[in-house]
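Undergrad: Could you look at this predicted model? Sequence included:
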Amino acid sequence: MTPAQLSDAIVATLAAQVEAGTLRLPDGVPSEVVVERPRSKEHGDYATNVALKLAKRAGMSPRDLAQALADGLAATDGIERVDIAGPGFLNITVSAGAQGKVAADVVAAGTAYGASDAFAGERINLEFVSANPTGPIHIGGVRWAAVGDALGRIFTMTGAQVTREYYFNDHGGQIDRFSSSLLASAKGEPIPEDGYGGQYVDDIAKDVLARRPDALDLPEDEAREVFRAEGVDLMFAEIKKSLHDFGVDFDVYFHEDNLHTSGAVKRAVERLTELGNTYEKDGALWLRTEKYGDDKDRVIIKRDGEGSYLSGDLAYYLDKRERGFDRCFIMLGADHHGYVGRMMAMCAAFGDVPGKNLEILIGQMVNLVRDGQPLRMSKRAGTVVTIDDLVEAIGVDAARYALGRFSSDSTIDIDLDLWARQSSDNPVFYVQYAHARLASILRNAGDLGLAPAGDDFDPALLSHEREGDLLRALAEFPRVVAAAAQLREPHRVARYLEDTASSFHKFYDSCRVLPMGDEEPTDLHRARLLLVDATRIVLANGLGLLGVSAPERM
RNA sequence: GCCCCUGUAGCUCAGGGGAUAGAGCACCGCCCUCCGGAGGCGGGAGCGAAGGUUCGAAUCCUUCCAGGGGCACCA
């Protein structure tokens, strides 16, 4: 009996009573009701506030409605007891048999356990990282590398068709400054005032020269073009590799240059003009974003005839929509939040629905801390903390978990000393350790020739309080994944894993799994082994959603 | 000036309107004859402030205070 099944049972009870004429619901029977795990054990295994919610509409007192529902529900298979508490909560106690069955369900589903159809049929485009190829990915971009990829995995688990996309910005002034910096470095000249500094610039310049030894003999303009093309190519390859090593691979790398050369910008501008959302002023073409809630209108074609940065975004958005994506996500750092207004206005100007067809997620800043001191970084001084630095300091698993376990809305400090530690202070080790411990029990069972319970599994054997707690935790997993998808909050999965690991340790502490000494194996041993297997699967699936490994041994 | 995020235990953070607000760490006291003690059990301590909506608010609304980040015909 899972919370979802319980919700269905309650809905069915409501429907039956409406059918029988003993209950009137003018707005109809809800399709699902809130079923939660009460904090206190005295309140049963599950509780619902449905009577409190529907009382007014039904024209009954909450407690009367609760009583009517309790009578109906008590007849449901798998429900042991229904109590009415407080203002009208229904506290439901599930029978051990119905509860224990979850273990078998998890094992049967295997790697698919946790999946749902919450986003079935949705085509989702996730654009994230999209760092300019003018340098390595720094710490700001890493947050979304971890969280965006996790969100993609979560959406996939909830039935969506996900495309990960990287907007590769190879057009405009920053690239020009990058190529000038490379050229200067190759010539041994000082980096230009507004250029890029740091070791990587010298490295890339050297690599360009290795590829094109003739570059410095070319006329200045041609040389700069060589450094631009080769430098961007090398930088981009490096970025891709860093991301790949981080466990993040994109389905589409979209080059901004394409938009300008293919006429996509022109087409997008024409579309907006047809819709009456552009006008000319001061020799530039403006988009009426203010009409759609932005602070002010924005230039899309500059006085010099070049498209503005926004023009690329317009064309890119239109392109995604034309490629059939119902939902386009863009994930940005807090320093970009000022774009949200114009991007949403742009979306509306196309006749789309902001917040649905286009969603912009803002992740707050990440600070790295070492020895209690924040690592201050400066791009100019070349003291940039990159994705590779982070991985080198704490490893991919810790990095992804550290970035993934906090709400994107909160600014986070990542303590490199803490996350590098192989101890229980470090949450990722707490969860991975639980997984390794589970794997170890299963290995030991294998050595004993003991297999988890199969078709003969009697769920009612798992009747210990700690077993019930653990089973209820396992039953939560699909809801946690669905909530993480709906709220775009992968950190919920991480927190859930920590709770579940804790439930497991508590279970393990008071429930002996394997036979002691030369004790004869019983059905209880085998039932518990099934529960161990189920728990291991849930932890592995959850870690997988975060892009973190689930080690068999540590 | 305007916009966004945040303010919960000593610290780092969870808490999608529900019952007695949680976890880890830190601190104090316990628990190993056998499955991984990287574990478990117990203890103290908290919702920035004031109003409002609600049967019910850490959660929703308003104002204020504090911290962080933004406000280009740059990309």
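TA: Sure, I can see it.
Undergrad: how close does the residue lying closest to A:Ala51 once chain neighbours are set aside get to A:Met1?
TA: Ranked by Cβ to Cβ, 6 or more residues apart in numbering and with sequence neighbours excluded, the top spatial neighbour of A:Ala51 is A:Ala66, at 3.7 Å. Just so you know, the C-beta spots here come from the backbone N, C-alpha and C atoms, and that holds for glycine as well. Applying Cβ to Cβ, to the nearest Å, the value for A:Ala66 to A:Met1 is 20 Å.
Undergrad: Check the residue nearest the centre of chain A and give its pLDDT.
TA: In chain A, the C-alpha nearest the mean C-alpha coordinate belongs to A:Leu151, at 2.4 Å (Cα atoms, centre = their mean). pLDDT for A:Leu151: 98.
Undergrad: ok but it is inside a helix, no?
TA: Yes - secondary structure of A:Leu151 (DSSP: H, G, I helix; E, B strand; the rest coil): part of a helix.
Undergrad: per-domain residue ranges of chain A.
TA: A:3-94, A:173-245, A:423-546 (automatic domain parsing).
Undergrad: can you put the ones you listed in a markdown table and add distance to A:Glu359, mean neighbour count and mean pLDDT?
TA: Listed next are the domains of chain A as a markdown table, based on distance: least, Cβ to Cβ, whole Å; neighbours: other Cβ atoms under 10 Å; pLDDT from 0 to 100:
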| stretch | distance to A:Glu359 | mean neighbour count | mean pLDDT |
| --- | --- | --- | --- |
| domain A:3-94 | 24 | 17 | 91 |
| domain A:173-245 | 22 | 17 | 93 |
| domain A:423-546 | 8 | 19 | 94 |
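Undergrad: Distance from the chain centre to the helix or strand where A:Val208 lies, please.
TA: If you go by DSSP states H and E, A:Val208 is part of helix A:199-211. In terms of Cα atoms, centre = their mean, to the nearest Å, the centre of helix A:199-211 is set 36 Å apart from its chain centre.
Undergrad: Would you agree A:Leu530 is in contact with A:Pro452?
TA: Yes - with contact defined as Cβ atoms under 8 Å, A:Leu530 and A:Pro452 form a contacting pair (4.0 Å).
Undergrad: Identify the contacts common to those two.
TA: By Cβ atoms under 8 Å, 6 or more residues apart in numbering, A:Leu530 and A:Pro452 have these common neighbours: A:Val107.
Undergrad: What distance do you get for A:Lys296 to A:Thr278?
TA: Taken as Cβ to Cβ, the span from A:Lys296 to A:Thr278 is 14 Å.
Undergrad: more crowded one of these two?
TA: Neighbour count, other Cβ atoms under 10 Å: between A:Lys296 and A:Thr278, A:Thr278 has more, with 19 against 10.
Undergrad: any idea where the strands of the stretch 251-400 of chain A begin and end?
TA: A:252-255, A:278-281, A:284-287, A:298-301, A:327-333, A:358-363, A:366-370, A:373-374 (DSSP state E, counting those that start in this stretch).
Undergrad: could you redo the ones you listed as JSON lines and give each row distance to RNA strand B?
TA: Formatted as JSON lines, the strands of the stretch 251-400 of chain A follow (distance: least, Cβ to the nearest atom of the strand, whole Å):
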{"stretch": "strand A:252-255", "distance to RNA strand B": "12"}
{"stretch": "strand A:278-281", "distance to RNA strand B": "6"}
{"stretch": "strand A:284-287", "distance to RNA strand B": "3"}
{"stretch": "strand A:298-301", "distance to RNA strand B": "3"}
{"stretch": "strand A:327-333", "distance to RNA strand B": "7"}
{"stretch": "strand A:358-363", "distance to RNA strand B": "5"}
{"stretch": "strand A:366-370", "distance to RNA strand B": "8"}
{"stretch": "strand A:373-374", "distance to RNA strand B": "10"}
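Undergrad: Which of the ones you listed has the lowest mean pLDDT?
TA: Among the strands of the stretch 251-400 of chain A, strand A:373-374 scores lowest, at a mean of 76.
Undergrad: in terms of contact, does A:Gly542 touch A:Val106 like I think?
TA: No - using Cβ under 8 Å, A:Gly542 is not in contact with A:Val106; the gap is 11.9 Å.
Undergrad: For the longest helix along chain A, name the packing helices and strands.
TA: Longest helix of chain A, by residue count under DSSP state H: helix A:220-245. Counting contacts by 3 or more Cβ pairs under 8 Å, 6 or more residues apart in numbering; DSSP states H and E, helix A:220-245 is packed against helix A:173-187, helix A:199-211, helix A:387-394.
Undergrad: Stretch A:90-107 near RNA strand B anywhere?
TA: Yes - part of stretch A:90-107 sits near RNA strand B under the criterion Cβ under 7 Å from any atom of the strand, namely A:Asn91.
Undergrad: Return that stretch as CSV; C-alpha atoms alone will do.
TA: Presented in CSV, the C-alpha positions along stretch A:90-107 are these (Å, rounded to 0.1, in the frame of the first residue of the first chain):
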residue,chain,number,x,y,z
LEU,A,90,-8.1,10.8,9.2
ASN,A,91,-5.3,8.7,10.6
ILE,A,92,-4.8,5.6,8.7
THR,A,93,-3.0,2.5,9.8
VAL,A,94,-2.0,0.1,7.0
SER,A,95,-1.8,-3.6,7.6
ALA,A,96,1.7,-5.1,7.8
GLY,A,97,1.0,-7.3,4.8
ALA,A,98,-0.1,-4.4,2.6
GLN,A,99,3.0,-2.4,3.8
GLY,A,100,5.5,-5.2,3.3
LYS,A,101,4.4,-5.7,-0.3
VAL,A,102,6.3,-2.5,-1.1
ALA,A,103,9.6,-4.4,-0.8
ALA,A,104,8.6,-6.9,-3.5
ASP,A,105,7.2,-4.1,-5.7
VAL,A,106,10.5,-2.2,-5.5
VAL,A,107,12.6,-5.3,-6.3
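Undergrad: Would you mind measuring from the residue of chain A positioned farthest from its centre to A:His244?
TA: Going by Cα atoms, centre = their mean, the residue of chain A most distant from its centre is A:Asp217, 49.3 Å out. Distance, A:Asp217 to A:His244, using Cβ to Cβ: 35 Å.
Undergrad: picking up where we left off before, for the helix holding A:Val208, list the C-alpha coordinates in CSV.
TA: C-alpha atoms of helix A:199-211 as CSV (Å, rounded to 0.1, in the frame of the first residue of the first chain):
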residue,chain,number,x,y,z
GLN,A,199,47.3,30.6,-17.4
TYR,A,200,44.7,29.0,-19.7
VAL,A,201,45.0,31.8,-22.2
ASP,A,202,48.7,31.1,-22.6
ASP,A,203,48.0,27.4,-22.8
ILE,A,204,45.4,27.8,-25.5
ALA,A,205,47.6,30.3,-27.4
LYS,A,206,50.4,27.7,-27.4
ASP,A,207,48.0,25.0,-28.6
VAL,A,208,46.8,27.2,-31.4
LEU,A,209,50.3,27.8,-32.5
ALA,A,210,51.0,24.1,-32.4
ARG,A,211,48.1,23.6,-34.8
